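Chemist: with the sequence up front, the predicted model follows.
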Amino acid sequence: MASSEHRAVFVSGASSGIGAAVAHHWLNRGYQVWGTARCRDRLTKFADQKNFHAVEFDLLDRSAALESYEEAEKSAGGFGVVVNNAGFGLFGVLTEIPARQWDEQLSAMLTNTFMLVQRQVELMVKRDRSATLVNVSSLAVDFPLPFMAGYNVAKAGLSALSESLLMELSKTPIRVIDFRPGDVRTKFNAAMQPSATVAPSAQPQKENMEAAWRTLEQNLDQGPSPESVAVDLWRAVKSGRRGTVTTGGWFQATLAPFLIRLFPQGLARSVRWRYFGIR
Ligand SMILES: NC(=O)c1ccc[n+]([C@@H]2O[C@H](COP(=O)([O-])OP(=O)(O)OC[C@H]3O[C@@H](n4cnc5c(N)ncnc54)[C@H](OP(=O)(O)O)[C@@H]3O)[C@@H](O)[C@H]2O)c1
């Protein structure tokens, strides 16, 4: 087994926010980065980076995404670091958002990501050298977000996958990081604006939805920069961390996950509800 570092990094969702910051961070340190977006045009910000390789990749199309990954993996000669970061939110009442949209979210962020991870691990094991697999989950695993049922399910599932792999891969040179950001100042919310009109059947939830959306917007605006998240990820990978790594503001990423474990479930829930203005 070779132990020397392989300086090729794969980052899904490199066109904006956390993924773009992570890609820049590794590029600036001399690594080769294969970064994805659904459309190549979204990656022009890397046009002047000779070590950047644009990959077109849509998690909604499982076989095409697997094929793109395999091609990238082959041309890189394997990846030393893989960051599964791509993802999106959906905000609304469970019964108001069409089933097709929930289905798309769960396919992209849970089942298709699961199958992608399967292929990534298979290829890493074949190469038999040290590598780090990072799945970007969320603090939503501990603090489910209101009116984001699909997102909460997808991230809880992704963290469960990381936890499972930590056990399975313990005797291999593959390290797994379940990376959980709190609110980070990106365009994440812009992709999931709530509908301006609420159907009569959803009127009882309207007030809670409005309060929750205000909190989500405020938290994102006041969150740390994606660059600071990229620094935390860099440090975690370089120091050989495995397991859960939280990142974000001190209160959300450090204090809250610790405190919430000390509270009885009912109390923890009422604190979370209050935080989001849910009555
Ligand atoms: N921002 C936060 O507060 C926060 C907190 C916790 C966790 N996270 C997680 O961090 C990750 C990055 O989020 P962000 O805040 O950086 O959001 P962002 O700025 O909206 O970036 C999302 C990225 O995902 C890509 N993407 C979206 N849908 C995709 C699909 N169907 N297939 C492939 N790629 C797709 C986008 O690429 P296109 O150019 O193709 O649109 C974009 O590069 C997500 O997994 C998110 O859940 C974010």
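Modeler: Received, thanks. Numbering: from 1, shown residues only.
Chemist: which ones are touching the closest residue to Ala8 other than its chain neighbours?
Modeler: In this structure, Ala8 finds its nearest non-sequential neighbour in Ala76, 3.9 Å apart by C-beta to C-beta, 6 or more residues apart in numbering. Heads up, the C-betas are built off the backbone N, CA and C, glycines and all. Taking C-beta atoms under 8 Å, 6 or more residues apart in numbering, we find Ala76 in contact with 8, 10, 32, 34, 53.
Chemist: show me which residues of the stretch 101-250 of the chain are close to the ligand?
Modeler: Contacts of the stretch 101-250 of the chain with the ligand, taken as C-beta under 6 Å from any ligand atom, map to 108, 136, 138, 181, 183-184, 186-188, 191, 220, 223.
Chemist: next step: those residues restricted to helices.
Modeler: Leu220 (DSSP state H).
Chemist: ok, of the residues of the stretch 101-250 of the chain next to the ligand, which come out buried?
Modeler: Listed as buried from those are 108, 136, 138, 181, 183-184, 186, 188, 220, 223; burial here means 16 or more other C-beta atoms under 10 Å.
Chemist: got those residues as TSV, with pLDDT columns?
Modeler: Listed next are these as TSV, based on pLDDT from 0 to 100:
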residue	pLDDT
Ala108	98
Val136	98
Ser138	98
Pro181	98
Asp183	97
Val184	98
Thr186	97
Phe188	97
Leu220	96
Gly223	96
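Chemist: residues contacting whatever residue of the stretch 1-150 of the chain ends up closest to the ligand?
Modeler: Closest residue of the stretch 1-150 of the chain to the ligand, C-beta to the nearest ligand atom: Gly17 (2.1 Å). Residues near Gly17 by C-beta under 8 Å, 6+ apart: 184, 186-188, 226.
Chemist: so in this protein, where's the weakest helix or strand by average pLDDT?
Modeler: Of all helical and strand segments in the chain, the minimum by mean pLDDT, DSSP states H and E falls on helix 256-262, at a mean of 88.
Chemist: the spatially most central residue of the chain pairs with what?
Modeler: Nearest residue to the geometric centre of the chain (C-alpha atoms, centre = their mean): Val136, 3.1 Å. When assigned by DSSP bridges, Val136 has beta-bridge partners Phe179.
Chemist: tell me which stretches of the stretch 151-279 of the chain form helices.
Modeler: Applying DSSP state H, counting those that start in this stretch to the stretch 151-279 of the chain gives helices spanning 203-221, 226-238, 250, 256-262, 265-276.
Chemist: which of those sits most buried?
Modeler: Here the criterion is mean neighbour count by mean count of other C-beta atoms under 10 Å, and of those the winner is helix 226-238, at a mean of 19.
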